[in-house]
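Enquirer: My questions are about this predicted structure, shown below with the sequence.
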Amino acid sequence: MTVPLARIAHCRSGDKGDTANIGVVVYDERHYPALVRELTAERVKEFLGPLVQGMVERYELPNLGALNFVLEQALDGGGTVSLRTDAQGKTYGAALLAMEIEVDG
Amino acid sequence: MIRIANGQGFWGDWLEAPVRLIEQGPLDYLTLDYLAEVTMSILQKQKQENPEFGYARDFPPLIGRIAKQLPARGVKVVANAGGVNPMACARAVKRAAPGLKVAVVLGDDVFPRIRELCEAPPDNVLAANAYLGAFPLAEALATGADVVIGGRYADPVLAMAPMIYRYGWTETDWDKLAGGAVAGHLIECGTQATGGNCQAGWQAIPGLAEIGYPIVEAEPDGSFTLTKHPASGGVVNLATVKEQLVYEIGDPKRFITPDCTADFTTIALRQDGPDRVRVTGVCGGPRPEKLKLSVAYAAGWKAVGTMVYTWPDALAKARAADAIVRQRLAQLGLTFDAIHTEYFGVNACLGPAAPPNPDPPEVQLRIGVRGPKRADIERFTREMIPLVLSGPPGATGYGEGRPKVREVVGYWSALVPREAIQTRIEVLE
């Protein structure tokens, strides 16, 4: 069954210099294995396209049912330099919520 | 158990929050986090213009407002409001609240020494500060001060200082310090831990207009309970706590503070009654060998211009206007490092992840430029308004006039030996 990520998880994102991070947390722990399987660093990088110029690294926090994505060169130079409306990546987490995810039953 | 609350998540946060934290329930320590990277360069400029400025100027009037309640309720304040001029800040606090004892921790400002401390720092440095740890702040609390003021502190450190002071933790109590660091991280952004900016079920979070700021009930073993005053709005649950735990972190196994590292994968959470989350099990590691310097430098100029286009063909009009501006800029031979166009209402924030919006009723064209020459950026600010008469039809929303040219502040960081940074404490009785 395919659902938008928003159905199984919530997110918060922010910045450190030109690096953004997106924390993704499942509402229900039984969805964590599907999250780990589906939400790879590659898919996140592809989904955000030209917003992220550098690498995407993924970290697992199974104790919180969470993944943390660290996105390099993702803020057009960083908060004070960037010309973007969202110079601090505050909405990147919300962006991810639209991604279609395959979940088990 | 000691109660530590954070009443400001940044300079500009809700002015009523610290007052409500003191009035709505018991508290031992009130921390106030005023500084972001960009704040230090702004403060350094203010100090250059007036040697008595360069600190968070909201802070002294706030202390004046709560001066009677602080001793009456037994609350001590720990704040990084000092910015680049902590002594001037302390003097202003004494003027606003003459009866309070104020301690100041000095030594983070290395602006005058930057070339001696670092190889090849950037040109045009505006501010340079070391991120200090919690131990000097704990020492300042030991003087019996009502208000402890510091300059550049790593954000979680403000909450760690009272724990170190009250529980006598030492520099090798890594697990306890790591518990304190997690507590500090959870409350450093104010209401992001109590239902503010919360994606999880935001529609159902009650009382955001009266939202309660976060309170840590810290235990001597490094564990703690996150809560808020019962009379306040917002909510504390596993979802609000988890969202803040993953906010602005890197490798969760190695969350770095000047005093320890914390392993976020060892955190155990349990809902412990309404608006109470118990946090236990945090494992820590040794502090990093060096301290981090944050260096702000002038990195050119930028400006952002906007114009609104309406239906029909709002997006097509905005795209045509963008092409016109770019062609005119190219003909003028101006030098830019970047020209960036967004169509606000279509794709400005979410980029390719934005849901399709093929026929929007209105679109704001937003063009930003950045470059080394101020004159070229100034010239750009003259190229938006002419679109009103000479571009596609239906341009509006230009009431603010020409865009403003702003200085771009870049950031650079370096690591320095701990011995290079000496702190000292001044007390104003």
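Expert: All right, it came through fine. Residues are numbered from 1 along each chain as shown, chains lettered A, B, ... in the order given.
Enquirer: and the closest residue to chain A within the stretch 1-150 of chain B, what is it in contact with?
Expert: Nearest to chain A in the stretch 1-150 of chain B, going by C-beta to the nearest C-beta, is residue B:38, at a distance of 5.0 Å. All C-beta atoms are positioned from the backbone trio N, CA, C, and that covers glycine. Residue B:38 makes contacts with A:79, A:80, B:296, B:409, as judged by C-beta atoms under 8 Å, 6 or more residues apart in numbering or on different chains.
Enquirer: Checking the spatially most central residue of chain A next. Helix, strand or coil?
Expert: Chain A has residue A:22 as the residue nearest its centroid, 4.2 Å off, counting by C-alpha atoms, centre = their mean. At residue A:22 the chain is in strand, as set by DSSP: H, G, I helix; E, B strand; the rest coil.
Enquirer: Burial check on the nearest residue to residue A:85 once chain neighbours are set aside, number of neighbours?
Expert: Closest residue to residue A:85 apart from its sequence neighbours, by C-beta to C-beta, 6 or more residues apart in numbering or on different chains: residue B:348 at 4.5 Å. Using other C-beta atoms under 10 Å in any protein chain shown, residue B:348 has 18 other residues around it.
Enquirer: ends of stretch A:37-51, how far apart?
Expert: Its start and end residues considered, stretch A:37-51 measures 24 Å (C-alpha to C-alpha, to the nearest Å).
Enquirer: what's it in contact with?
Expert: Where contact means C-beta under 8 Å, 6+ apart, the residues beyond stretch A:37-51 that reach it are A:5, A:22, A:24, A:52, A:55-58, A:67, A:69, A:71, A:74, A:92, A:95-96, A:99, A:101-103, B:351-353.
Enquirer: one more time with 7 Å
Expert: A:24, A:52, A:56-58, A:67, A:69, A:74, A:92, A:95-96, A:99, A:101-102, B:351-353 (C-beta atoms under 7 Å, 6 or more residues apart in numbering or on different chains).
Enquirer: Emit the ChimeraX select command for whichever of those are buried.
Expert: Buried members of these can be picked out in ChimeraX with the line below, counting by 16 or more other C-beta atoms under 10 Å in any protein chain shown:
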select /A:24,52,56,57,58,67,69,74,92,95,96,99,101 /B:351,353
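Enquirer: which one is whichever residue of chain A sits closest to chain B nearest to, not counting chain neighbours?
Expert: Distances between chain A and chain B by C-beta to the nearest C-beta are smallest at residue A:23, namely 2.4 Å. Closest residue to residue A:23 in three dimensions, ignoring its sequence neighbours and counting by C-beta to C-beta, 6+ apart: residue B:246, at 2.4 Å.
Enquirer: Okay, now the unreliable bits of chain A?
Expert: A:105 (pLDDT under 70).
Enquirer: Get me the contact residues on it for chain B.
Expert: Where chain A comes near chain B, counting by C-beta under 7 Å from any C-beta of the partner chain, the residues are A:10-12, A:14-17, A:21, A:23, A:25, A:47-51, A:59, A:61, A:63-64, A:66, A:68, A:70, A:76, A:78-81, A:83-86, A:91, A:93, A:95, A:98.
Enquirer: before we move on, the earlier item: for the residue of the stretch 1-150 of chain B closest to chain A, what is the enclosing helix or strand?
Expert: Under DSSP states H and E, the secondary-structure element containing residue B:38 is helix B:37-49.
Enquirer: Now do the buried residues in that helix.
Expert: B:37, B:38, B:39, B:40, B:41, B:42, B:43, B:44, B:45, B:46, B:47.
Enquirer: Next: stretch B:406-416.
Expert: Applying 16+ other C-beta under 10 Å to stretch B:406-416 flags B:407, B:408, B:409, B:410, B:411, B:412, B:414, B:416 as buried.
Enquirer: what comes into contact with that stretch?
Expert: Taking C-beta under 7 Å, 6+ apart as the criterion, the residues outside stretch B:406-416 that touch it are A:17, A:78, A:80-81, B:37-38, B:41, B:117-118, B:121-122, B:126, B:130, B:290-303, B:370.
Enquirer: Buried ones only from those residues, please, as a PyMOL command.
Expert: Restricted to buried positions by 16+ other C-beta under 10 Å, the PyMOL selection for these reads:
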select buried, (chain A and resi 17+78+80+81) or (chain B and resi 37+38+41+117+118+121+122+126+130+291+292+293+294+295+296+297+298+299+300+301+302+303+370)
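Enquirer: related to what we said a few turns ago, so which of the buried residues of stretch B:406-416 comes closest to chain A?
Expert: Proximity to chain A was ranked across those by C-beta to the nearest C-beta; first place goes to residue B:409, at 4.5 Å.
Enquirer: what secondary structure does that closest one sit in?
Expert: Following three-state DSSP, the label given to residue B:409 is strand.
Enquirer: now residue A:73
Expert: Three-state secondary structure (criterion: three-state DSSP) places residue A:73 in coil.
Enquirer: who are the neighbours in contact with it?
Expert: With contacts taken as C-beta under 7 Å, 6+ apart, residue A:73 has the following neighbours: A:18, A:53, A:54.
Enquirer: Now with 10 Å, please.
Expert: A:17, A:18, A:19, A:20, A:51, A:52, A:53, A:54, A:55 (C-beta atoms under 10 Å, 6 or more residues apart in numbering or on different chains).
Enquirer: number of nearby residues for residue 61?
Expert: Assuming you mean chain A. Other residues lying near residue A:61 total 23 when counted by other C-beta under 10 Å.
Enquirer: Hmm, no, I was thinking of chain B.
Expert: Neighbours of residue B:61 under the rule other C-beta under 10 Å: 13.
Enquirer: can you give me the strands for chain A?
Expert: Along chain A, the stretches classed as strands by DSSP state E are A:2-4, A:9-16, A:19-26, A:56-61, A:66-71, A:100-102.
Enquirer: Repeat that for the stretch 51-200 of chain B.
Expert: Counting by DSSP state E, counting those that start in this stretch, the stretch 51-200 of chain B has strands at residues B:76-79, B:102-106, B:125-130, B:147-149.
Enquirer: biggest helix in chain B by residues?
Expert: Among the elements of type helix in chain B, defined by DSSP state H, the one spanning the most residues is helix B:314-332.
Enquirer: packing partners for that helix?
Expert: strand B:290-310, strand B:338-344, strand B:362-371, helix B:374-381, helix B:387-390, strand B:395-396 (3 or more C-beta pairs under 10 Å, 6 or more residues apart in numbering or on different chains; DSSP states H and E).
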